[in-house]
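Enquirer: Whatever this is, show me its structure:
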Amino acid sequence: MIFAVVEDSRSQAEVLKALLRSEGHQVEVFADGASCLEALKSRSFDFFVIDWNLPDMGGDEVLRQVRERFGWEVPVVFCTARTDEEAASDILRMGADDYIPKPVRYMEFMARVHVLLRRRRPRQSLLQFGSIEIDLEGRRIRLGGAEVDLTQREFELAVILLRNVGRVLSREELLAGVWAREVDVDTRTVDTHASRLRKKLGLAGESGLMLSSVYGQGYRLDTVQAA
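Expert: Just a heads-up that it's a prediction; the model follows:
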């Protein structure tokens, strides 16, 4: 799962990020509403955790645009210092799925996240990127209509890269997203799998996508004119 955490408190955001990553999720943190809304123009997320009071806008505006873009399939949880009944009612009526009072009790936070993930309706299982088609339910990838033989880790890495086209993903972030529960793996593992995907999925431009290594940062997948 790819989580968006919209929280201006850096310490709070880092704790939530660590908790979610410990469960194998991918997490992107936004310090304000504007940066999150800008990201929505080119990327998708599976779950949103939003602070009610952001430095540049209310969390309700972020919620409104999340619902406009993703509908009601994506869970949204608010974190708020307001614990009165009126505030709780307002948050839920505006379209949030749940809210967590501050200071956040982390075991309760993760329990509420798990509840919403269990209830979450499946999203579209077939995704198309250039000449690449992903069957999320069947865990298959086709290139130009022909199925490509991928290992489990190659498939998971491909899904993360394809769902973040145009964004630089650090090697550490990719390790956390794909190999979170494994030990004795390092960033060289990411490089090896990225090299294999580049060949198997035509990510040197043949498929309409180009996988590039960004020096000192990680990898970025971009759309290009198919060769």
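
Enquirer: Tell me how far residue 175 lies from residue 26.
Expert: Going from residue 175 to residue 26 by C-beta to C-beta, to the nearest Å gives 11 Å. No exception for glycine: its C-beta is placed from N, CA and C like everyone else's.

Enquirer: To clarify, my last question referred to residue 128.
Expert: 21 Å.

Enquirer: More neighbours: which of the two?
Expert: A direct count of neighbours by other C-beta atoms under 10 Å for residue 128 and residue 26 places residue 26 higher, at 23 against 11.

Enquirer: Residue 55 versus the more buried one, what's the distance?
Expert: Taking C-beta to C-beta, one finds residue 26 at 25 Å from residue 55.

Enquirer: Kindly report the same for residue 167.
Expert: Distance, residue 167 to residue 55, using C-beta to C-beta: 23 Å.

Enquirer: any idea how the chain splits into domains?
Expert: Residue ranges for the domains of the chain, per automatic domain parsing: 2-119, 126-223.

Enquirer: can those go into a markdown table with extra columns for mean pLDDT?
Expert: Shown next, in a markdown table, are these (pLDDT from 0 to 100):
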| stretch | mean pLDDT |
| --- | --- |
| domain 2-119 | 88 |
| domain 126-223 | 88 |
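
Enquirer: which stretches of this structure form helices?
Expert: With helices called from DSSP state H, the chain shows them at 10-22, 33-39, 59-70, 85-93, 106-119, 152-162, 171-178, 187-200.

Enquirer: Turn these into JSON lines, columns for distance to residue 134 and mean neighbour count.
Expert: Converted to JSON lines, the helices of the chain look like this (distance: least, C-beta to C-beta, whole Å; neighbours: other C-beta atoms under 10 Å):
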{"stretch": "helix 10-22", "distance to residue 134": "23", "mean neighbour count": "16"}
{"stretch": "helix 33-39", "distance to residue 134": "21", "mean neighbour count": "17"}
{"stretch": "helix 59-70", "distance to residue 134": "18", "mean neighbour count": "17"}
{"stretch": "helix 85-93", "distance to residue 134": "34", "mean neighbour count": "13"}
{"stretch": "helix 106-119", "distance to residue 134": "20", "mean neighbour count": "13"}
{"stretch": "helix 152-162", "distance to residue 134": "6", "mean neighbour count": "19"}
{"stretch": "helix 171-178", "distance to residue 134": "15", "mean neighbour count": "20"}
{"stretch": "helix 187-200", "distance to residue 134": "12", "mean neighbour count": "16"}
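
Enquirer: Turn these into a markdown table, including distance to residue 207.
Expert: Shown next, in a markdown table, are these (distance: least, C-beta to C-beta, whole Å):
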| stretch | distance to residue 207 |
| --- | --- |
| helix 10-22 | 30 |
| helix 33-39 | 24 |
| helix 59-70 | 26 |
| helix 85-93 | 43 |
| helix 106-119 | 31 |
| helix 152-162 | 10 |
| helix 171-178 | 19 |
| helix 187-200 | 10 |
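
Enquirer: List the residues that contact the nearest residue to residue 144 once chain neighbours are set aside.
Expert: Leaving out its chain neighbours, the residue that sits closest to residue 144 by C-beta to C-beta, 6 or more residues apart in numbering is residue 131, at 4.8 Å. By C-beta atoms under 8 Å, 6 or more residues apart in numbering, the residues touching residue 131 are 143-144, 202, 207-208, 226.
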